[in-house]
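1. I'd like to go over a predicted model; first the sequence, then the structure.
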Amino acid sequence: QVLGEILVAWQSYTAILPDELDLAVGDAVELLNTEDSSSSAKRIKLDPELDKVSGELLDNSAARHKLSVKPKRNHLSSRHSPTRLNINQRWLVKQVKGDKQGWVPCRILQTADDPTFNTTGLPGDAEFRRLAVVKELIETEQEFVRDLDHVVERYLIPSESGKVPKIVKDNFDVIFGNLKEIAEFHRTVLIEGVKYQAKNPVMIGKTFLRLERDFDKHVRYCSDEPVAQELLDTCDEIFDYFAVSTYNEQ
């Protein structure tokens, strides 16, 4: 969240501690601070039904893929969404109509144009947790797609041109493997499947299982990655080429 942003309380709150603020449903507040040193709340507990599915997926090595080179982000991280924060973490806010300010749980706040949550559910119940997990999943996948596209556009595509050292061109497949194929899968297939089932969370696990064979792409990438890493470590010309590209980007 951005300090100074206007948020709306979708649930009333009665202050418990002296430094807290009473809010009614619909109250507009200005966000002043998100760092509450006194907060020791634990992260939101996922819905057991989704925990079971996610556990099965994480047992699949294809779902644990990780790129060896992660570019510097130029975009804002999605990890600052209220749904990723401790459900009882407090934010310091100030009333828009009035001058009172105080700390309130971030779970009762939402942006004025946020369509994800309504005022009918209680934070902490199964429906709220499901929506929070789905929103987090979509945001994380969108961020991952941006990272993949960045690598493809900044490093892979330029390396396909004739303006690169011959040794880079000769070892193109070794260096990048099937990265472009993986990026295309996440951009056009996986994220669309998750979005399609966003309002029916119990089907998201089945979406991953239906695409199980597509994750073989990641198995191949992970198995080839050590060879690419060794090539970068042992070939100074290739290493210097990508080091210069990275430096020029910064």
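-> Structure received.

2. show residues contacting stretch 160-175.
-> Residues from elsewhere that reach stretch 160-175, judged by CB atoms under 8 Å, 6 or more residues apart in numbering: 158, 159, 224, 227, 228, 231, 232, 235, 237, 238, 241. (Each C-beta comes from the backbone N, C-alpha and C, glycine too.)

3. so the most centrally placed residue in the chain: helix, strand or coil?
-> Central residue of the chain (CA atoms, centre = their mean): residue 140, 2.1 Å from the mean position. Here residue 140 is helix, with the state taken from DSSP: H, G, I helix; E, B strand; the rest coil.

4. among the contacts of stretch 160-175, which lie within helices?
-> 158, 159, 224, 227, 228, 231, 232, 237, 238, 241 (DSSP state H).

5. wait, which of those is closest to residue 190?
-> residue 224 (20.7 Å; CB to CB).

6. how many neighbours does the closest one have?
-> Neighbourhood size, residue 224 [other CB atoms under 10 Å]: 17.

7. so it versus residue 239, what's the distance?
-> Residue 224 is 18 Å from residue 239, where distance means CB to CB, to the nearest Å.

8. biggest separation within the ones in helices among the contacts of stretch 160-175, which pair?
-> Most distant of those, by CB to CB, are 158 and 227, 21.6 Å apart.

9. before we move on, back to that, list buried residues within the ones in helices among the contacts of stretch 160-175.
-> 159, 224, 228, 232, 238, 241 (16 or more other CB atoms under 10 Å).

10. min pLDDT across those residues, which one?
-> Taking those together, the minimum pLDDT is found at residue 159 (86).

11. how near is it to residue 149?
-> 15 Å.

12. and for residue 16?
-> 45 Å.

13. do the same with residue 160
-> 15 Å.

14. check residue 134 too.
-> Distance from residue 134 to residue 149, by CB to CB: 23 Å.

15. more neighbours, the two?
-> A count of neighbours by other CB under 10 Å puts residue 134 above the other of residue 134 and residue 149, at 21 against 15.

16. how near is that one to residue 160?
-> On the measure of CB to CB, residue 134 and residue 160 end up 37 Å apart.

17. repeat that for residue 197.
-> Residue 197 is 35 Å from residue 160, by CB to CB.

18. same question for residue 19.
-> 58 Å.

19. and residue 173, by the same measure?
-> 11 Å.

20. now residue 110
-> 44 Å.

21. neighbour count for these two, which is higher?
-> Applying other CB under 10 Å to residue 110 and residue 160 shows that residue 110 carries more neighbours, namely 20 against 12.

22. does that one touch residue 8 like I think?
-> Yes. Using CB atoms under 8 Å, residue 110 is in contact with residue 8, at 6.0 Å.

23. just to revisit the earlier point, distance to residue 248 added to the contacts of stretch 160-175, as TSV?
-> Formatted as TSV, those follow (distance: CB to CB, whole Å):
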residue	distance to residue 248
158	11
159	14
224	27
227	26
228	21
231	21
232	18
235	20
237	17
238	16
241	11
